[in-house]
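Trainee: Return atomic coordinates for the entry below.
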Amino acid sequence: MSESFIQNLFAERIGGRQYGKSTAIYKFEKIKRAKRAALAANPGGEIIDMGVGEPDEMAFPEVVQKLHDEARQPENRGYADNGDAVLKQAAAGYLERVCGVSGINPETEVMHSIGSKAALSILPAALINPGDYVLMTTPGYPVFGTHSKYYGGLVHNLPLTGQNNFLPDLDSVPHDVLSKAKVLVINYPNNPTGASSTPEFFTRVVAFAKRNNIVVIHDAAYAALVFEGKPLSFLAAPGAKEVGVELHSTSKSFNMTGWRCGFIAGNELLVKAYGDVKDNTDSGQFLAIQHAAAYCFQHPEITEKIAAKYSRRMDALVKLLAERGFQARKPKGSFFLYVNSPRAATSKDGRRVEFKTAEEVSQWLITEKLISTVPWDDAGAYLRFSVTFIAQDQAEEQRVLNTIVQRLSQVVLEF
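Mentor: As a prediction, this is how the structure comes out:
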């Protein structure tokens, strides 16, 4: 069949005339295919999925009830546009009570988002012209960079390495890039490394941004999932509001991934610009969902219960992986454990397999051990384990972890 004329009309930003013809397979698609093949080869087998990047439980019953109650209110039925005052006020209060950020004006310095991903895809339209550079961390969540490229922007990657505690080396940016850079995007606690920031690092980021006239966007989707102490906000750093904004979300902190609600807060002019683009992008999240999200931000004890579960699971996972030779150390937050990838594995019958990349290890773990992880080869070879595996109670939790021990005990890993 001859090609449709449509093939010649696709925008260059998504591949132009070659759109849809690439044979490259996305990492997560490879994982899905490997899991299907492993189950087909092992009928009745069980995949232990440690790669899931979202909570394993539903939103708390009281939050669901709040949504139900709000959905019954006639005044909530219409377009939400850029939102009402309920979530804005709850967000400002949350930042002050939980994160120690005072002085946020809910009317002008806060606006809801349909999840952090939507905000990260909207903000480039407000900031990026052709030729502008965005400073992004790698490995990391690429959405802001992807949309910046759509607008003709360029991305400069800052590697996250263990030697620097998985914080970007801001002094490494070449001068010619720095002179054209407009935005620095950071994310702590970090996906995928699980690393946390420090007040000192955020202070350096503010100074860096002021010195180079750069906007800072801090994706704080995991900020409240901490195992000790209080959540750390970029906006708590002196002068942060002068240079940037922070994104918060209910997805990970309140088990509400599918609800798609969060907020952006910080610099008034940036929030306004976000709102202007957003107003031409969507018609706002359903007010009932916004109000349920507001309830969550008023009840941070929900997140504390969720974080306690992840902390318990993380303790056990770190212990079992360390016993198998992984350089596993408990992070201070998030639900991710980022560990060095083995170079080889030898089974009890003497068969030895070598790995050139973390992706090869990930595929081997799925095929041979029915354990699914996410590989990262962007700045060294690492595997990401997540403690959001499915387990209905602590007994099931322990069974899953014991299964991992049993499967990994069948081989000797080399690092």
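Trainee: For the rest of this, base every contact and every neighbour count on C-alpha atoms.
Mentor: Noted.
Trainee: what sits against Thr198?
Mentor: With contacts taken as CA atoms under 8 Å, 6 or more residues apart in numbering, Thr198 has the following neighbours: Leu232.
Trainee: meant to ask about Asp378
Mentor: Contact criterion CA under 8 Å, 6+ apart gives Thr138, Pro139, Pro159 as the residues in contact with Asp378.
Trainee: got it, and Ala221?
Mentor: Each residue near Ala221 by CA under 8 Å, 6+ apart is listed here: Ser116, Asn187, Leu247, His248, Ser249, Thr250, Ser251, Lys252, Ser253.
Trainee: so can I have a markdown table of the residues you listed showing pLDDT and neighbour count?
Mentor: Written out in a markdown table, the entries for the contacts of Ala221 read as follows (pLDDT from 0 to 100; neighbours: other CA atoms under 10 Å):
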| residue | pLDDT | neighbour count |
| --- | --- | --- |
| Ser116 | 97 | 25 |
| Asn187 | 98 | 26 |
| Leu247 | 98 | 28 |
| His248 | 98 | 26 |
| Ser249 | 97 | 28 |
| Thr250 | 98 | 27 |
| Ser251 | 98 | 22 |
| Lys252 | 97 | 22 |
| Ser253 | 97 | 28 |
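Trainee: if we can go back for a sec, Serialize the contacts of Asp378 to TSV and add fields for pLDDT.
Mentor: Formatted as TSV, the entries for the contacts of Asp378 read as follows, by pLDDT from 0 to 100:
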residue	pLDDT
Thr138	97
Pro139	97
Pro159	98
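Trainee: Narrow the residues you listed to those in strands?
Mentor: Under the assignment DSSP state E, the contacts of Asp378 contribute Thr138, Pro159 to strands.
Trainee: show me what contacts Gly325?
Mentor: Residues touching Gly325, when contacts are defined by CA under 8 Å, 6+ apart, comprise Leu413, Glu414, Phe415.
Trainee: just the buried members of those residues?
Mentor: Leu413 (16 or more other CA atoms under 10 Å).
Trainee: Asp282 contacts Ala80, correct?
Mentor: No. Here Asp282 does not reach Ala80: they are 9.5 Å apart, not a contact under CA atoms under 8 Å.
Trainee: hang on, the earlier thing: save the contacts of Gly325 as TSV, and put in secondary structure too.
Mentor: Converted to TSV, the contacts of Gly325 look like this (DSSP: H, G, I helix; E, B strand; the rest coil):
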residue	secondary structure
Leu413	strand
Glu414	strand
Phe415	coil
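Trainee: for the contacts of Gly325, which one is nearest Leu170?
Mentor: Closest to Leu170 out of those is Phe415 (29.8 Å), distances taken as CA to CA.
Trainee: which helix of the chain spans the most residues?
Mentor: In terms of residue count, the longest helix belonging to the chain (DSSP state H) is helix 301-323.
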